[in-house]
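Student: Build me a model from this:
(2 chains)
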Amino acid sequence: NAGVMQNPRHLVRRRGQEARLRCSPMKGHSHVYWYRQLPEEGLKFMVYLQKENIIDESGMPKERFSAEFPKEGPSILRIQQVVRGDSAAYFCASSLTKGLAGPETQYFGPGTRLLVL
Amino acid sequence: AQTVTQSQPEMSVQEAETVTLSCTYDTSESDYYLFWYKQPPSRQMILVIRQEAYKQQNATENRFSVNFQKAAKSFSLKISDSQLGDAAMYFCAYRGMRGGSEKLVFGKGTKLTVNP
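Tutor: Numbers count the residues shown, from 1 in each chain, chains lettered A, B, ... in the order given. As a prediction, the model looks like this:
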């Protein structure tokens, strides 16, 4: 069973360009989460999605950032007009459908390292 | 809002010895989950161990065990018989059970060095 897949693993963009980060959850997982890790910091929650729905975007910056998880295909985190402060590692995690016991464990992908020049 | 604090930015241990990493958290909820994740130099986030707050028994996974003190809001990780491959950043994380969101709240991490 393949784990969570993220691509690209490394992404370099110039200021003002767009960055698109992709995440394919583990097979059978319908919940996707995006986190951002700045250098020397822990991970910070950005957004939680289920298929075709954004459930919680309380950690997303109000401007330039958007996320989607379409019915078919991977989840996409999109950053428009990138700035140097967007340089970070972006991690995607997935979990199974919420069960009777409550939230399921999140399994993480390898991350995408974004560098903005 | 929930917060997670890891008061030890760095720790070191001799190979084959035991080390304990500290974690405290703040919450007003009574039901929640706690996790320890490991992030080696590859930066992949790997789940080490998980604890449900309603369970009194401390979780154990091979050489990894936790000391969960609910009243003190403490969740420390003990690594026994440390191995060189245990060297990594270790993150403590909290996850509530209310509100429809299941986001993880992470501490800032503890860097563990294992000396041969």
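Student: Nearest to the middle of chain A, which residue? Look it up for me.
Tutor: Centroid check for chain A by C-alpha atoms, centre = their mean gives A:W34 as the closest residue, at 3.1 Å.
Student: let me fix that: chain B
Tutor: Most central in chain B (C-alpha atoms, centre = their mean) works out to B:W36, at 3.2 Å.
Student: check which helix or strand covers that residue.
Tutor: strand B:32-39 (DSSP states H and E).
Student: related to what we said a few turns ago, in the sheet, which residues pair with the residue nearest to the centre of chain B? Tell me.
Tutor: B:I49, B:C92 (DSSP bridges).
Student: what pLDDT does it get?
Tutor: pLDDT recorded at B:W36 is 96.
Student: all strands for chain B, in order.
Tutor: Along chain B, counting by DSSP state E, strands occupy B:3-5, B:10-14, B:19-21, B:24-26, B:32-39, B:46-52, B:60-61, B:64-69, B:74-79, B:88-96, B:104-106, B:110-115.
Student: Let's have the ones you listed in JSON lines, adding distance to A:E18.
Tutor: (Each C-beta comes from the backbone N, C-alpha and C, glycine too.) Output for these, formatted as JSON lines (distance: least, C-beta to C-beta, whole Å):
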{"stretch": "strand B:3-5", "distance to A:E18": "33"}
{"stretch": "strand B:10-14", "distance to A:E18": "38"}
{"stretch": "strand B:19-21", "distance to A:E18": "39"}
{"stretch": "strand B:24-26", "distance to A:E18": "37"}
{"stretch": "strand B:32-39", "distance to A:E18": "28"}
{"stretch": "strand B:46-52", "distance to A:E18": "31"}
{"stretch": "strand B:60-61", "distance to A:E18": "41"}
{"stretch": "strand B:64-69", "distance to A:E18": "41"}
{"stretch": "strand B:74-79", "distance to A:E18": "40"}
{"stretch": "strand B:88-96", "distance to A:E18": "30"}
{"stretch": "strand B:104-106", "distance to A:E18": "27"}
{"stretch": "strand B:110-115", "distance to A:E18": "34"}
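Student: closest one to A:S58 among those?
Tutor: Comparing those by their distance to A:S58 (C-beta to C-beta), the top pick is strand B:104-106, with 11.6 Å.
Student: Strand partners (parallel or antiparallel) of that closest one?
Tutor: Here, using DSSP bridges, strand B:104-106 pairs with strand B:88-96 (antiparallel).
Student: hmm, who's touching the partner strand?
Tutor: Identification of contacts with strand B:88-96 by C-beta atoms under 8 Å, 6 or more residues apart in numbering or on different chains yields A:42-43, A:103, B:2, B:4, B:6, B:21, B:23, B:25, B:27, B:29, B:31-41, B:45, B:48, B:75, B:77, B:102-107, B:109-112.
Student: And the buried ones among those, selectable in ChimeraX?
Tutor: In ChimeraX, a selection of the buried entries from the contacts of strand B:88-96 looks like this (16 or more other C-beta atoms under 10 Å in any protein chain shown):
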select /A:42,43,103 /B:4,6,21,23,25,27,32,33,34,35,36,37,38,39,45,48,75,77,102,103,104,105,106,107,109,110,112
